[in-house]
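Peer 1: output the structure for:
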Amino acid sequence: MHFQQQNMLWGLLLLAIPLFIHLYQFHQTKTIFFPGVFRLTQQMQQSRRQKKTEHLLLLISRCLGIVCLVFAFAMPSCTDKNTSNKAQSNRIVVLFDNGLSMSARNQEGLLMEQARNQLRDMLGALNEESKVMLLTQNPLMSKQWTSPSQLISIIDTLDFVDQQVQWNDWLIQVDGMSKELAAEPISAVVFSDAQRSFLGNTPLVPQNKAIDWHFVQFDLEPGHGLDQGVQTGNLSIDSAWYVTQWEGNNQGNELLARIANYSDAEMDASVSLTSAGSTLQAQSITLLPGAVRDVVFILPTNKLHQPLQLQLEPDAFVYDNTLMIHPISDWSMQVGVIGSHPAFDAFFLAQPLLKKHSIGFPIKDAELAQLQALVLIGNPVLGVSDQEKLIQFMSDGKPVIQVLKEATVSNQLHSVMGDITGKWDASSQRIAMGGLSHPLFENIFSGSLSDKTQLPTIEGYFELQDLSDFESVLQLEGGQSVFINRIQGNGSFWIWLSDLNKGSQSLLQSSWFLPIFTQVIASKAIGDRSLYGIMHSKSLMALPADIDVDERAASLSANGVLHLVDLQQNASGQKAMYIGPEPTQPGYYYLKSPKMSDSILLAFNHTRSESDLRSVENWPKEFDGISDRWKHLQSRSLKSILDNESLNGLWRLFIWAAAFFFALEVALLVYREKIKRKEVLQP
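Peer 2: Predicted coordinates:
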């Protein structure tokens with residue numbers, strides 16, 4: 001047996017106290033007046049023998065009680081002193097979850113402060129020879145083995161950060177350390193609230209037998225109602241996006257904010273839209289427990305090019321109450337047009353957000369690069385080079401719409417994707433109502449459709465022989481397709497199969513022409529509109545304005561701090577920024593290219609993954625029992641974090657032994673008092 005806290009053995013010096021008491025009482029003289037000498041001598045001899053036995057028993061019980069108590073505090077162990085101890089491995093990895101959810105409170109107080117205190121207690125109980133490594137939610141933090149005392153000195157410097165790693169990431173990291181150390185035993189201690197996003201969808205089960213896992217859980221307790229005027233439940237601005245119905249003169253300046261209630265009670269939410277510190281609009285809504293609601297704001301035209309901010313009133317979790325939106329320098333969409341027709345000239349005049357760019361053959365790469373969509377009017381025979389460029393244009397995620405200008409007598413339709421076989425049908429039929437239920441037109445016509453709705457008549461169309469490569473979007477009442485679609489890469493190819501000069505005149509003169517074709521042209525651009533960035537999302541964020549870069553990296557700066565960032569192209573061929581380890585704080589940043597004098601203002605926000613302030617139920621208890629190398633501890637547990645059965649058994653043995661000997665001492669003292677009373681009462 002050896003002791004892990006050998007300095008506690010100095011407590012054995014306390015044995016001098018009972019020895020001094022024993023010697024003092026044993027040599028103390030006492031005068032007794034007695035009439036008979038014989039009886040006096042006999043009584044004194046009997047009393048001396050009895051007191052000597054009593055004093056000896058008291059001395060032994062006191063000394064053994066003190067020895068057992070000192071041994072217990074010295075942490076005895078029966079394992080080989082020269083081998084790694086499971087309870088206190090030479091190497092200990094501390095995995096400290098300092099994500100935003102650890103800023104919540106439960107009945108014991110702030111979760112982060114509870115974790116700090118537990119970590120201090122654990123490190124203070126370790127030998128100074130132990131090697132400790134700290135891993136946090138910041139993957140850029142230095143990873144090195146250090147002493148417990150050095151780690152204690154930096155505990156208070158840990159601050160809340162956005163969640164960047166999950167349970168599985170830490171498990172894989174510690175497994176890798178174990179392999180590097182040639183399976184040297186490791187103790188891994190996790191301090192976490194077991195919040196849902198931290199554990200992920202499929203948390204891995206520890207399998208490495210060289211690692212002792214200890215999961216110290218600090219339970220999240222989602223509040224509800226009001227506490228001193230502040231809502232204790234959590235409301236979150238989960239996301240925001242730009243939408244447009246593209247109808248008539250509507251400028252499409254609508255901003256939708258999604259508000260979620262993550263509490264267990266009904267909550268009132270007040271959300272406002274601000275710009276430059278002034279409130280533009282404000283709305284109040286009531287959300288049931290777990291409910292989600294979209295709030296619509298109409299963006300003022302004069303505020304479109306300014307940074308905006310969505311703001312919720314304060315609650316218990318402040319990191320998702322604000323959503324910053326970067327200014328959009330140009331809300332319009334650049335559309336190329338090959339060919340011409342008066343109907344489409346009027347179309348672009350009616351839609352100020354669709355900017356027309358007339359181009360011709362041969363198509364130039366520079367012209368295509370600045371476009372988000374292309375309209376081909378007519379039935380031209382395309383050259384191989386032009387056809388390849390348009391196919392690549394669609395593969396990059398952009399739509400091409402081909403409309404026939406005149407009826408054709410040929411059985412071949414020259415399309416961007418090649419010739420299509422069919423025949424011209426000059427019959428007249430109305431457009432069927434069912435086509436407007438296509439997902440493309442969702443929420444566009446639903447409020448204006450009824451059984452009495454009359455759609456325009458089509459007088460002539462090209463009927464395809466084979467539709468297997470296309471999706472039919474709009475049909476005639478006879479079932480024939482008049483508007484078809486085909487996916488090409490990330491983009492799409494659309495064909496309007498009736499001619500503009502005659503067959504589609506009824507449609508062109510109706511109120512249906514503008515919204516139908518606008519939705520087809522602008523649908524892809526609506527989905528790709530980026531309003532803000534989420535820190536550490538490890539994704540590409542489409543830039544709100546174009547930026548010219550070369551082999552040199554672009555710079556991201558705020559408050560005099562400069563970061564180098566990577567710019568790429570997303571699936572739509574649009575310039576995008578990869579959001580990785582930078583930036584580290586939410587706010588507005590200037591993105592600047594070495595080739596440009598101007599900069600782009602970008603907004604970055606906290607992640608919303610930790611807004612659901614609930615711990616996963618029954619986890620990680622489900623891992624209990626898989627092996628003796630997994631322990632799940634509640635934060636309120638008073639036992640040592642790095643405990644094991646051998647240490648626990650010896651510690652308890654000495655504690656109970658000390659209690660027994662001290663109880664024996666008390667019993668002896670009580671017995672001696674009873675004897676004294678009898679002696680006094682005897683005549």
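Peer 1: part of a helix, is Asp175?
Peer 2: Yes. Assigned with DSSP: H, G, I helix; E, B strand; the rest coil, Asp175 falls within a helix.
Peer 1: worst-scoring helix or strand of the protein, pLDDT-wise?
Peer 2: The helix or strand of the chain with the lowest confidence, counting by mean pLDDT, DSSP states H and E, is strand 226-227 at a mean of 45.
Peer 1: show me what the helix or strand hosting Val189 is packed against.
Peer 2: For Val189, the element it lies in under DSSP states H and E is strand 186-192. Packing partners of strand 186-192 (3 or more CB pairs under 8 Å, 6 or more residues apart in numbering; DSSP states H and E): strand 91-96, helix 111-124, helix 167-180, strand 211-217. Where C-beta positions appear, they are placed from N, C-alpha and C, glycine not excepted.
Peer 1: so for Asp193, which of the ones you listed sits nearest?
Peer 2: helix 111-124 (5.6 Å; CB to CB).
Peer 1: can you check which strand is longest in this protein?
Peer 2: The longest strand of the chain (DSSP state E) is strand 418-430.
Peer 1: check which helices and strands it is in contact with.
Peer 2: In terms of contacts (3+ CB pairs under 8 Å, 6+ apart), strand 418-430 is packed against strand 412-415, strand 457-464.
Peer 1: let me see the mean pLDDT of the first one.
Peer 2: What strand 412-415 shows for mean pLDDT is 89.
Peer 1: one more: the last one?
Peer 2: Here the mean pLDDT over strand 457-464 is 93, rounded to a whole number.
Peer 1: what do you get for stretch 549-568?
Peer 2: Taken as a whole, stretch 549-568 has a mean pLDDT of 81.
Peer 1: rewinding a little: can you add distance to Phe297 and give the helices and strands packed on strand 418-430 back as TSV?
Peer 2: Listed next are the helices and strands packed on strand 418-430 as TSV, based on distance: least, CB to CB, whole Å:
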stretch	distance to Phe297
strand 412-415	42
strand 457-464	39
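Peer 1: deepest-packed of the ones you listed, please.
Peer 2: A comparison of the helices and strands packed on strand 418-430 by mean neighbour count, using mean count of other CB atoms under 10 Å, puts strand 457-464 on top with a mean of 21.
Peer 1: and the next helix or strand past that strand?
Peer 2: Helices and strands here follow DSSP H and E; after strand 457-464, the next one along the chain is strand 471-475.
Peer 1: hmm, who's touching that next one?
Peer 2: Residues from elsewhere that reach strand 471-475 (CB atoms under 8 Å, 6 or more residues apart in numbering): 431-432, 434-436, 438, 440, 481-486, 494, 516.
Peer 1: among those residues, name the buried ones.
Peer 2: Buried members of the contacts of strand 471-475, scored by 16 or more other CB atoms under 10 Å, are 431-432, 435-436, 438, 440, 481-486, 494, 516.
Peer 1: which members of those occur in strands, if any?
Peer 2: Counting by DSSP E, the buried ones among the contacts of strand 471-475 contribute 481-486, 494 to strands.
Peer 1: contacts for the strand holding Val189, please.
Peer 2: 86, 88-89, 91-97, 102, 115, 118-119, 122, 167, 170, 174, 177-178, 198, 210-218, 641-642.
Peer 1: tell me the mean pLDDT over that strand?
Peer 2: 91.
Peer 1: same for the next helix or strand after that strand, what does it pack against?
Peer 2: Using DSSP H and E, the helix or strand that follows strand 186-192 in sequence is helix 196-199. The contact analysis (3+ CB pairs under 8 Å, 6+ apart) places helix 196-199 against no helix or strand.
Peer 1: how much space separates Gly378 from Phe347?
Peer 2: Gly378 is 16 Å from Phe347, where distance means CB to CB, to the nearest Å.
Peer 1: of these two, which one has the most company?
Peer 2: Neighbours per residue (other CB atoms under 10 Å) separate Gly378 from Phe347, with Phe347 holding more: 21 against 16.
Peer 1: C-alpha coordinates for the helix or strand harbouring the more buried one, PDB please?
Peer 2: Element membership for Phe347 (DSSP H and E) is helix 342-350. Only the C-alpha atoms of helix 342-350 are listed here, as PDB (Å, rounded to 0.1, in the frame of the first residue of the first chain):
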ATOM      1  CA  PRO A 342     -42.000  43.800 -77.500                       C
ATOM      2  CA  ALA A 343     -43.600  41.600 -74.900                       C
ATOM      3  CA  PHE A 344     -40.200  41.000 -73.100                       C
ATOM      4  CA  ASP A 345     -39.200  44.700 -73.500                       C
ATOM      5  CA  ALA A 346     -42.400  45.600 -71.500                       C
ATOM      6  CA  PHE A 347     -41.700  42.700 -69.100                       C
ATOM      7  CA  PHE A 348     -38.300  44.200 -68.000                       C
ATOM      8  CA  LEU A 349     -39.700  47.700 -67.800                       C
ATOM      9  CA  ALA A 350     -42.300  46.300 -65.300                       C
END
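Peer 1: most centrally placed residue in the chain?
Peer 2: Ser609 (3.1 Å; CA atoms, centre = their mean).
Peer 1: report the contact partners of Ala104.
Peer 2: Ala104 neighbours (CB under 8 Å, 6+ apart): 110-111, 193, 220-221, 316-317, 613.
Peer 1: err, Asn138, not the other one
Peer 2: 98, 161, 164.
Peer 1: try it again at 10 Å.
Peer 2: For Asn138, the contact set (CB atoms under 10 Å, 6 or more residues apart in numbering) comprises 98, 158-159, 161-162, 164-165, 536, 581, 584.
Peer 1: where does pLDDT dip in the stretch 1-150 of the chain?
Peer 2: When residues are selected by pLDDT under 70, those of the stretch 1-150 of the chain lie in 1-2, 4-5, 25-50, 77-89.
Peer 1: surely Thr408 is in a helix?
Peer 2: No. Assignment of Thr408 by three-state DSSP gives coil, placing it outside any helix.
Peer 1: how near is it to Asp162?
Peer 2: From Thr408 across to Asp162, the span is 59 Å (CB to CB).
Peer 1: give me the more crowded residue out of these two.
Peer 2: Shown here are Thr408 and Asp162; by other CB under 10 Å, Asp162 has more neighbours (22 against 16).
Peer 1: still on that earlier bit, including distance to Ile655, could the ones in strands among the buried ones among the contacts of strand 471-475 go into CSV?
Peer 2: What follows is these, written out as CSV (distance: CB to CB, whole Å):
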residue, distance to Ile655
Ser481, 86
Val482, 88
Phe483, 84
Ile484, 83
Asn485, 78
Arg486, 79
Trp494, 81
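Peer 1: check those residues and tell me the two furthest apart.
Peer 2: Farthest-apart pair in these is Val482 and Arg486; separation 15.0 Å (CB to CB).
Peer 1: quick one: strands adjacent to the helix or strand harbouring Ala603?
Peer 2: Assigned by DSSP H and E, Ala603 belongs to strand 599-605. Using DSSP bridges, strand 599-605 pairs in its sheet with strand 533-534 (parallel), strand 587-592 (antiparallel).
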